[in-house]
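Undergrad: how would this look folded up:
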Amino acid sequence: MKSNTQTQQLTAANNIGQETSTFALNTGIVMAALVGLWGFACMIGGLMSSGFGGVIQGYISAVTGM
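TA: Predicted coordinates for the structure are as follows:
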């Protein structure tokens, strides 16, 4: 009885492409996390300096331009 087996041969170019994609994805995830943390820190800083009402008032004036 014969069985058909399919093997896949990876070349160095395939490995380099996969490693590059993995590195780029990881770099993007780390950068997004840093931006999120910075935004959270800025929001906490705004709340500490002007309070919740001041943050809401500043947001509305920034959106409406008044």
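Undergrad: from here on, contacts and neighbour counts on C-alpha atoms
TA: OK.
Undergrad: look at Thr5 and give its secondary structure.
TA: The assignment at Thr5 comes out as coil when based on DSSP: H, G, I helix; E, B strand; the rest coil.
Undergrad: pLDDT wise, what is it at?
TA: Here, the pLDDT recorded for Thr5 equals 72.
Undergrad: what's the burial count for it?
TA: By other C-alpha atoms under 10 Å, the residues close to Thr5 number 6.
Undergrad: distance of Ile44 relative to Trp38?
TA: 10 Å (C-alpha to C-alpha, to the nearest Å).
Undergrad: got it, and Asn26?
TA: For Asn26, the distance to Trp38 - C-alpha to C-alpha - is 18 Å.
Undergrad: what's the answer for Val55, then?
TA: 17 Å.
Undergrad: neighbour-wise, which of the two wins?
TA: Val55 (16 against 12).
Undergrad: residue nearest the centroid of this protein?
TA: Ala32 (2.6 Å; C-alpha atoms, centre = their mean).
Undergrad: which other helices and strands contact the one helix or strand it maps to?
TA: Using DSSP states H and E, Ala32 sits within helix 12-64. Of the remaining helices and strands, none touches helix 12-64 by 3 or more C-alpha pairs under 8 Å, 6 or more residues apart in numbering; DSSP states H and E.
Undergrad: quick one: distance of that helix to the chain centre.
TA: Relative to its chain's centre, helix 12-64 lies at 7 Å (C-alpha atoms, centre = their mean, to the nearest Å).
Undergrad: likewise for stretch 59-66?
TA: So, by C-alpha atoms, centre = their mean, the centroid of stretch 59-66 is 27 Å from its chain's centroid.
Undergrad: please renumber so the chain begins at 44
TA: From this message on, residue numbering opens at 44, which makes the last subject stretch 102-109.
Undergrad: tell me the mean pLDDT over that stretch?
TA: The pLDDT scores in stretch 102-109 average 91.
Undergrad: residues contacting Cys85?
TA: Cys85 sits next to no residue when contact means C-alpha atoms under 8 Å, 6 or more residues apart in numbering.
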